[in-house]
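In: Task: produce atomic coordinates for the following.
(one chain, ligands or ions: 2)
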Amino acid sequence: MTSVVIPMSNEYVEDLKAEIIAILTFKGGTGKTTTAVNLARECAKTKRTLLVDNAPQANSSKGLGYPQTKDDITIFEVLSKQNPIREAIIKTEIPNLDLIPSNIKYIRRKVELGSHSVRLKNALKEVENDYDVIIIDNDPDYSIVTHNALVAANHVLIPIRIDAYALDGFDYLLEYVDEIKDDYNPDLKVLGAFINQYESNTNLMKSIKKQLYDSLGDLMLNTVVRKNIKLAEAPFTGQAIHDYDHKAAGAEDFRSLAEEVLGLVRTKQAG
Ligand SMILES: Nc1ncnc2c1ncn2[C@@H]1O[C@H](COP(=O)(O)OP(=O)(O)OP(=O)(O)O)[C@@H](O)[C@H]1O
Ligand SMILES: [Mg+2]
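Out: Ligands and ions are numbered 1, 2, ... in the order given. Take a look at the predicted model:
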């Protein structure tokens, strides 16, 4: 019996490209890495997922159980064109979840990347048909490394931690996204912002939450990630919250976040 070969339309080929989500804020400690690791873990339940640890502190790599060695082939070797991207990809123990690790050595060496801002985009092009979702964790600063992430991404996801300085740098971040969109990457959109480390038992948090939703409107996602000690414990075991304690409030919140993000990505892509 001969098998029937169904030709792929261009539209279908287009659909094979990954949605690339950069997690970014210009404030430290808002939950970028926690989001990158746990969102990637949730996405991997149904999507072929690649987590790119684009932050020299390598917290995403450690959070997924990959401590650093000096011989690692990391995102730095990819960006500096020392190794092809496929050599840097680690297949994790979790089905459908791959990782490009980072390494602390990259803190001092990122200056060597000069002004090459399309390196990550070009590297990801080589593997984008292998994945449905690519998530990029970033440092909280402006550098050529972050620049590469925004040139490569289609979406920016912004975790906000409520404190007196919650929105410092927020307008600047939106302006920066607009500039990258105008100059390099017309596909770039802000997917949304969400509150992380929320504590519903304080009136101050409740009132700032209301102000955020009033002032940022549609930019705010519905999901709120509660403060949950299990989310802080999980990285010590090299596991995402789903694998550390899937019944924890943090696991529940990241399931909701992933559902909302994947729904929005599809909607925005279709539109
Ligand atoms: N919802 C949460 N509940 C409890 N702890 C959390 C939560 N989100 C993050 N944390 C903890 O807060 C700290 C900062 O989070 P994280 O490392 O994800 O922030 P970051 O934005 O990546 O920081 P940096 O800007 O330094 O890269 C970590 O110790 C993390 O475990
Ligand atoms: Mg981080």
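In: Residue 20 contacts residue 136, doesn't it?
Out: Yes: using CB atoms under 8 Å, residue 20 is in contact with residue 136, at 6.9 Å. For every residue, glycine as well, the C-beta is placed using N, CA and C.
In: which one of the two has more residues nearby?
Out: Set residue 20 next to residue 136 and count neighbours by other CB atoms under 10 Å: residue 136 wins out with 33 against 24.
In: mind checking the SS state of that one?
Out: strand (DSSP: H, G, I helix; E, B strand; the rest coil).
In: can you pull the contacts of it?
Out: With contact taken as CB atoms under 8 Å, 6 or more residues apart in numbering, residue 136 is in contact with 20, 21, 22, 23, 36, 52, 54, 120, 149, 152, 153.
In: so which of these comes closest to ligand 2?
Out: residue 36 (7.6 Å; CB to the ion).
In: what residues are up against that closest one?
Out: 23, 51, 53, 60, 135, 136, 137.
In: Which residue is the nearest non-sequential neighbour of the last one?
Out: Right, the one you point to is residue 137. residue 36 (3.6 Å; CB to CB, 6 or more residues apart in numbering).
In: burial of residue 42, as a residue count?
Out: 24.
In: Pretty sure it sits in a strand.
Out: No: counting by three-state DSSP, residue 42 is not part of a strand but helix.
In: Wait, it touches residue 255, no?
Out: Yes: between residue 42 and residue 255 there is a contact under CB under 8 Å: 6.0 Å.
In: Need the overlap of contacts for the two.
Out: In contact with both residue 42 and residue 255: residue 242, using CB under 8 Å, 6+ apart.
In: Report the separation between residue 116 and residue 29.
Out: Distance, residue 116 to residue 29, using CB to CB, to the nearest Å: 29 Å.
In: Would you state the helices of the chain in chain order?
Out: 10-15, 32-43, 59-63, 75-79, 85-88, 106-109, 119-125, 144-152, 170-183, 203-216, 229-233, 241-244, 249-270 (DSSP state H).
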